[in-house]
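> Sequence and computational prediction follow.
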Amino acid sequence: MDHAIEISAVSKTFILPHEKRDTLKENFLAIFKKKTFEKFKALDNVTLKIRKGEFFGIVGKNGSGKSTLLKVVAGIYCPDQGEVKVNGVIAPFLELGIGFQEELTGRENIFINAALLGLSRKETKERFNRIVEFAELEKFLDLKIKNYSSGMRARLAFAIAKEADADIYLCDEILAVGDEQFQRKCVDVFRHWQQQGKTVVLVSHNAGLIEDFCLDSALIDNGRLIMSGTTADILAEYRRRIAGDRQHQSIAKPNFSDSLLRLKEVRFYGADEDEKDAFNTGETIVARIFYKAYAKIENPVFGIAIHKKDGTHIAGPNTKTSLYPIAAVEGDGYIDCVISNNSLLAGQYDFTASCFDYSCRYPYDYLDRKFQFTILRNRDNQYGLVELPVTWRLSKVEKGINIVV
């Protein structure tokens, strides 16, 4: 079988009661009152195939059915219709720490959770120090889990789960919690899985993470599979839909604080302010992004992305990651993205311009690869995508001593 996961016409419906009755008193008072329900279709005829050894992204708005789909694949939910075939052992990273026992210590929970993942007590002992080192919780192992912060829980849960001997990993927003250092560790684990040829299904609102790891992805909306294909195409459609929703909200609510902003065009200039669209490697590129803000927008984040014509993602900086805060914009204006001494090698490049809110989750406007520029061939024997600013140093060893030649 070439596919690790085959999802065929899967549907899942939940029954939601209109009235919640938890206590004995509530049930007694409503004994003669008829319970009413409504059906919520979380998944609707979803068909999808994921190849062995690939990172596959799934994107969509909150409540679109992404997490439900992963739980169906993991066997936590049974589909009402359709079938799921899995070729390999699954490790679900769905709700980190959900199996923790509150009154037990971190040390005790390591063994319990590891057992739930299929590890024997002997295997857990062998990996215990590695788990603790990754979680960075040596001082808190004998503290009850109920006293752990959410970040501590996430670190411990991930440290345990990554030790599962699995072929397929289902990851649902595992970078949404934890600090920056923890997130970097998670990314390192992803790279290790990638090198091992593991199959990973990645659900995340972090488009950069999806773009970095997943060649192919799928977009789900209201329980339906909208499209699947290359990640670049999927994210472009996803962002268009979010931008459309944003526009609808702003039109429907004139007093909405984050009113519309539109990116009008991008023009390219050299360091001498001459407008052009062809540059040499090493030249400065000034990308001037023109916008119109229809109301005062606070803390916007402008960003760019550069792709090769074959879809390879080269870079994607924004004003937030570049530590260039913008207090507010209003009316017509432009922002320059200055790429000093560009290191790109010869070829044609697509250029994306975007503007998001400060969380970088909701776009005001997103012009996906709408603009192009060219890097001319002014270097001989070019290899790769960029020219690195390297130096070389030759040494020889004489009598155990390194001598720079």
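That came through, no problem. Being a predicted model, the structure only gives us computed values, none of them experimental.
> Next, count neighbours for Leu137.
Using other CB atoms under 10 Å, Leu137 has 20 other residues around it. Backbone N, C-alpha and C define where each C-beta goes, glycine included.
> quick one: contacts for it?
Contact analysis of Leu137 by CB atoms under 8 Å, 6 or more residues apart in numbering lists 106, 152, 155-156.
> and if we set it to 6 Å?
Leu137 makes contact with 106, 156 under the criterion CB atoms under 6 Å, 6 or more residues apart in numbering.
> Pull up the gap between it and Ser354, please.
38 Å (CB to CB, to the nearest Å).
> With Ile375 instead?
22 Å.
> got it, and Asn206?
On the measure of CB to CB, Asn206 and Ser354 end up 15 Å apart.
> ok, the two, which is more surrounded?
Using other CB under 10 Å as the criterion, Asn206 and Ser354 rank with Ser354 on top: 22 against 17.
> Report the beta-bridge partner residues of the more buried one.
Gly303, Tyr366 (DSSP bridges).
> so it makes contact with Tyr366?
Yes: between Ser354 and Tyr366 there is a contact under CB atoms under 6 Å: 4.5 Å.
> Glu108 should be in a helix, yeah?
Yes: assessed by DSSP: H, G, I helix; E, B strand; the rest coil, Glu108 belongs to a helix.
> Now do it: how many residues are near it, please.
Quick note: Glu108 (other CB under 10 Å) scores 16 neighbours.
> and the gap between it and Arg361?
37 Å.
> Same check on Gly60?
13 Å.
> neighbouring contacts of stretch 120-129?
For stretch 120-129, contacts defined as CB under 6 Å, 6+ apart pick out 111, 114, 163.
> Show only the entries of the residues you listed found in strands.
Counting by DSSP state E, no part of the contacts of stretch 120-129 is found in strands.
> give me the low-pLDDT residue ranges for the protein?
1, 18-36, 95-99, 175-180, 243-259, 400, 402-405 (pLDDT under 70).
> what are the ranges of the helices in it?
Taking DSSP state H to define them, one finds helices in the chain at 24-29, 66-74, 106-116, 121-135, 150-161, 180-196, 207-213, 231-252.
> Make a markdown table from the ones you listed and add distance to Val86 to it.
Converted to a markdown table, the helices of the chain look like this (distance: least, CB to CB, whole Å):
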| stretch | distance to Val86 |
| --- | --- |
| helix 24-29 | 40 |
| helix 66-74 | 7 |
| helix 106-116 | 18 |
| helix 121-135 | 23 |
| helix 150-161 | 18 |
| helix 180-196 | 17 |
| helix 207-213 | 21 |
| helix 231-252 | 23 |
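> Identify each buried residue in stretch 113-127, please.
Judged by neighbour count using 16 or more other CB atoms under 10 Å, the buried positions of stretch 113-127 are 113-114, 117, 119, 124, 127.
> Tabulate the CA atom coordinates of stretch 37-52 in PDB.
Presented in PDB, the C-alpha positions along stretch 37-52 are these (Å, rounded to 0.1, in the frame of the first residue of the first chain):
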ATOM      1  CA  PHE A  37     -31.800  18.200  20.200                       C
ATOM      2  CA  GLU A  38     -30.200  19.300  17.000                       C
ATOM      3  CA  LYS A  39     -27.800  17.500  14.700                       C
ATOM      4  CA  PHE A  40     -24.400  19.000  13.900                       C
ATOM      5  CA  LYS A  41     -22.600  17.500  10.900                       C
ATOM      6  CA  ALA A  42     -18.900  17.800  11.800                       C
ATOM      7  CA  LEU A  43     -17.700  15.900   8.800                       C
ATOM      8  CA  ASP A  44     -19.600  15.600   5.500                       C
ATOM      9  CA  ASN A  45     -18.400  13.000   2.900                       C
ATOM     10  CA  VAL A  46     -14.700  13.600   3.300                       C
ATOM     11  CA  THR A  47     -12.400  11.600   1.000                       C
ATOM     12  CA  LEU A  48      -8.600  12.000   1.300                       C
ATOM     13  CA  LYS A  49      -5.500   9.900   0.800                       C
ATOM     14  CA  ILE A  50      -2.200  10.600   2.500                       C
ATOM     15  CA  ARG A  51       1.000   9.000   1.200                       C
ATOM     16  CA  LYS A  52       3.500   7.100   3.300                       C
END
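> Need the contact partners of it.
3-17, 56, 65, 68, 199, 218, 223-225.
> again with stretch 229-239
Here stretch 229-239 has contacts from 57, 59, 207, 211, 214, 217, 219, 311, 363, 366, 368, using CB under 6 Å, 6+ apart.
> And for the last one, the neighbour number?
So that's Asp368. For Asp368, the count of nearby residues is 18 (other CB under 10 Å).
> Quick check: it touching Thr352?
Yes: contact status for Asp368 versus Thr352: in contact at 5.3 Å, counting by CB under 6 Å.
> Could you measure from Phe56 over to Ala207?
For Phe56 relative to Ala207 (CB to CB), the value is 15 Å.
> meant to ask about Arg191, not that
Distance from Arg191 to Ala207, by CB to CB: 18 Å.
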